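Asker: sharing a sequence plus its predicted fold:
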Amino acid sequence: MASRKLLPFQIAIRLPTITKAGIGGLRIAMTRNLGAFVGRTILVLGVVMLSRDAFLIMRHTIASYNRLVKPEDRVL
């Protein structure tokens, strides 16, 4: 809602935005409002960054653990 108020611009081309994601599938809608596009895109980028961080934490944790233990106690 904040991005719609801060960026109330209509642009010439239509931009794709994800409006619904879940068990029912993914729904993509097209919008010409720059604020709506930015607001919806920020959420998707946040989920991607959170997933990447969780993956890297798990990978580094497993690597650190495997360096500390005996070879027969290693994970993966």
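Answerer: Received the coordinates, thanks.
Asker: how would you label Pro8: helix, strand or coil?
Answerer: coil (DSSP: H, G, I helix; E, B strand; the rest coil).
Asker: so what pLDDT did the closest residue to it other than its chain neighbours get?
Answerer: Leaving aside its sequence neighbours, Pro8 sits nearest to Gly35 (C-beta to C-beta, 6 or more residues apart in numbering; 5.9 Å). The way it works is simple: take the backbone N, C-alpha and C, and place the C-beta from them, glycine included. Gly35 is assigned a predicted lDDT (pLDDT) of 91.
Asker: ok, Thr19 - contacts?
Answerer: Contact analysis of Thr19 by C-beta atoms under 8 Å, 6 or more residues apart in numbering lists 27-29, 40.
Asker: who wins on neighbours among these?
Answerer: Arg40 (17 neighbours; other C-beta atoms under 10 Å).
Asker: strands of this protein, start to end?
Answerer: For the chain, the strands defined by DSSP state E cover 10-22, 25-33.
Asker: could you dump those strands to a markdown table with distance to Asp53?
Answerer: Supplementary listing: those in a markdown table, determined by distance: least, C-beta to C-beta, whole Å:
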| stretch | distance to Asp53 |
| --- | --- |
| strand 10-22 | 20 |
| strand 25-33 | 23 |
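Asker: mind checking which of those is nearest Leu76?
Answerer: Among these, strand 10-22 comes nearest to Leu76, with 29.9 Å by C-beta to C-beta.
Asker: buried sites along the closest one?
Answerer: 15, 17 (16 or more other C-beta atoms under 10 Å).
Asker: ok, back up a step: out of the strands of the chain, flag the one nearest Leu45.
Answerer: Closest of the strands of the chain to Leu45 is strand 10-22, at 11.1 Å (criterion: C-beta to C-beta).
Asker: taking their axis directions, the closest one and strand 25-33 sit at what angle?
Answerer: Put simply, strand 10-22 runs at 160 degrees to strand 25-33, going by axes from the mean of the first three to the mean of the last three C-alpha atoms, to 10 degrees.
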